[in-house]
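# make a model of this:
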Amino acid sequence: METVPIALWVVVLLVVMALLFDFMNGFHDAANSIATVVSTGVLRPTQAVVFAAFFNFVAIFIFHLSVAATIGKGIVQPGVVDTHVVFGALSGAITWNIITWYYGIPSSSSHALIGGIVGAVIAKAGSGYLIASGIWRTVAFIFVSPALGFLLGSLMMVLVAWVFRHTTPLRADKWFRRLQLFSAGAYSLGHGGNDAQKTIGIIWLLLISTGYASATDASPPGWVIVCCYFAIALGTMFGGWRIVKTMGQRITKLKPVGGFCAETGGAMTLFLATAMGIPVSTTHTITGAIVGVGSVQRASAVRWGVAGNIIWAWVLTIPASAFVAAIGYWISLTLYV
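Below you'll find the model as predicted:
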């Protein structure tokens, strides 16, 4: 693939922007990992964010870089990517993350990045350079991941209710307060494994397009992997409390047993998607699982109005971030050559 000589400061600036996005991803999506464990009272918020950050980073030793490969080589043809496209993609994703964080809306950082890449590439060269199979697979999982989270969360709730049918509520509550630490840890592993790889993928794409890495390399440089996992863990440690409240209590009231079932169902969904190399939304996944748990208890336990507002944010994420990314692409052309 032909590369264009680029000033080192431009590449460094874009790597820093990507790591900022990764930090914001952890910050923005911290709620997904810790909302249930905080809302059920198992851990205090400060304990929960440190707990989740630890497992975010530990994921570096567990998951293959399948999702990073999809972002780096499976969404757009690498030959069309340049520093302007990367700048546009990151500016679109970061802007949408800031807007949704400010208003406490649990949108998807993952799909904001996908939308950003798509919008910047279309602004540069039209839709011909997009890889339709990769995009449609990602778009399909906008619906598949919450549906799978809903299914697994509700099945876990039914299974647990049957297994513990002869146990007193007080004894069951005591058990699940301990078990929720396991499920929250598993979900944080899935969050780190899937989400950090998205930033690894876009930095890899940047390094390939600027000649600092080869398109034939099996994986990106080691420093990229370590920096991305560290950035998302750090972001989780400073996680946003606004979204925790929405995820943990406003959708449906959760008890430790419900928190365990939602996190376990969500973690299973994330592990599967990461193994398949599909970038999915941790927000979509845990929301589906929480709604599934709530609906098993009774349909009226779910605040469907809040869930509906969240769905609107999901639908808007890709087109909104794509639009901002296109503007970012044009702005970058005026900033540097």
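
# what ranges does the stretch 151-300 of the chain have for its helices?
Taking DSSP state H, counting those that start in this stretch, the helices of the stretch 151-300 of the chain run over residues 169-209, 222-237, 241-245, 256-276, 282-297.

# what mean pLDDT does the fourth one get?
This points to helix 256-276. Looking at helix 256-276 alone, the average pLDDT works out to 91.

# restricting to C-alpha, output that helix in PDB.
Provided in PDB are the C-alpha atoms of helix 256-276 (Å, rounded to 0.1, in the frame of the first residue of the first chain):
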ATOM      1  CA  PRO A 256     -28.000  -8.300  43.800                       C
ATOM      2  CA  VAL A 257     -29.500 -11.300  42.100                       C
ATOM      3  CA  GLY A 258     -30.700  -9.200  39.200                       C
ATOM      4  CA  GLY A 259     -27.400  -7.400  39.000                       C
ATOM      5  CA  PHE A 260     -25.600 -10.800  38.900                       C
ATOM      6  CA  CYS A 261     -27.900 -12.100  36.100                       C
ATOM      7  CA  ALA A 262     -27.600  -8.900  34.000                       C
ATOM      8  CA  GLU A 263     -23.800  -8.800  34.300                       C
ATOM      9  CA  THR A 264     -23.300 -12.500  33.500                       C
ATOM     10  CA  GLY A 265     -25.600 -12.300  30.500                       C
ATOM     11  CA  GLY A 266     -23.900  -9.200  29.300                       C
ATOM     12  CA  ALA A 267     -20.400 -10.700  29.800                       C
ATOM     13  CA  MET A 268     -21.300 -13.800  27.800                       C
ATOM     14  CA  THR A 269     -22.400 -11.600  24.900                       C
ATOM     15  CA  LEU A 270     -19.200  -9.500  25.000                       C
ATOM     16  CA  PHE A 271     -17.000 -12.600  25.100                       C
ATOM     17  CA  LEU A 272     -18.700 -14.100  22.100                       C
ATOM     18  CA  ALA A 273     -18.600 -10.900  20.100                       C
ATOM     19  CA  THR A 274     -14.900 -10.300  20.900                       C
ATOM     20  CA  ALA A 275     -14.000 -13.900  19.900                       C
ATOM     21  CA  MET A 276     -15.800 -13.200  16.500                       C
END
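
# elements contacting that helix?
Applying 3 or more Cβ pairs under 8 Å, 6 or more residues apart in numbering; DSSP states H and E, we find helix 256-276 packed against helix 8-39, helix 66-73, helix 132-163, helix 169-209, helix 282-297. Using the backbone N, CA and C atoms, a C-beta is placed for each residue, glycine as well.

# so which of those comes closest to residue 87?
Of all the helices and strands packed on helix 256-276, it is helix 8-39 that lies closest to residue 87, at 6.2 Å by Cβ to Cβ.

# where does the stretch 51-200 of the chain dip in pLDDT?
Within the stretch 51-200 of the chain, the stretches falling below the threshold (pLDDT under 70) are 106.

# correct me, but residue 77 touches residue 134?
No: using Cβ atoms under 8 Å, residue 77 is not in contact with residue 134, being 10.3 Å away.

# those two: which is more packed in?
Neighbours around residue 77 and residue 134, counted as other Cβ atoms under 10 Å, are more numerous at residue 134. The numbers are 19 against 15.

# show the contacting residues for that one.
Residues counted as contacts of residue 134 (Cβ atoms under 8 Å, 6 or more residues apart in numbering) are 70, 74-75.

# now, which of those sits nearest residue 149?
Nearest to residue 149, judged by Cβ to Cβ, of these is residue 70 at 20.0 Å.

# and the nearest residue to residue 316 once chain neighbours are set aside, how close does it get to residue 287?
The shortest distance from residue 316 to any residue that is not its chain neighbour, by Cβ to Cβ, 6 or more residues apart in numbering, is 7.8 Å, and that residue is residue 107. The spacing between residue 107 and residue 287, counted by Cβ to Cβ, to the nearest Å, is 11 Å.

# kindly report the same for residue 281.
For residue 281, the distance to residue 287 under the criterion Cβ to Cβ works out to 9 Å.

# ditto for residue 203
Distance, residue 203 to residue 287, using Cβ to Cβ: 28 Å.

# likewise for residue 177?
23 Å.

# got it, and residue 267?
Residue 267 sits 14 Å away from residue 287 when distances are taken as Cβ to Cβ.

# among the helices and strands packed on helix 256-276, which is the most enclosed?
Mean neighbour count (mean count of other Cβ atoms under 10 Å) peaks for helix 282-297 among the helices and strands packed on helix 256-276, with a mean of 28.
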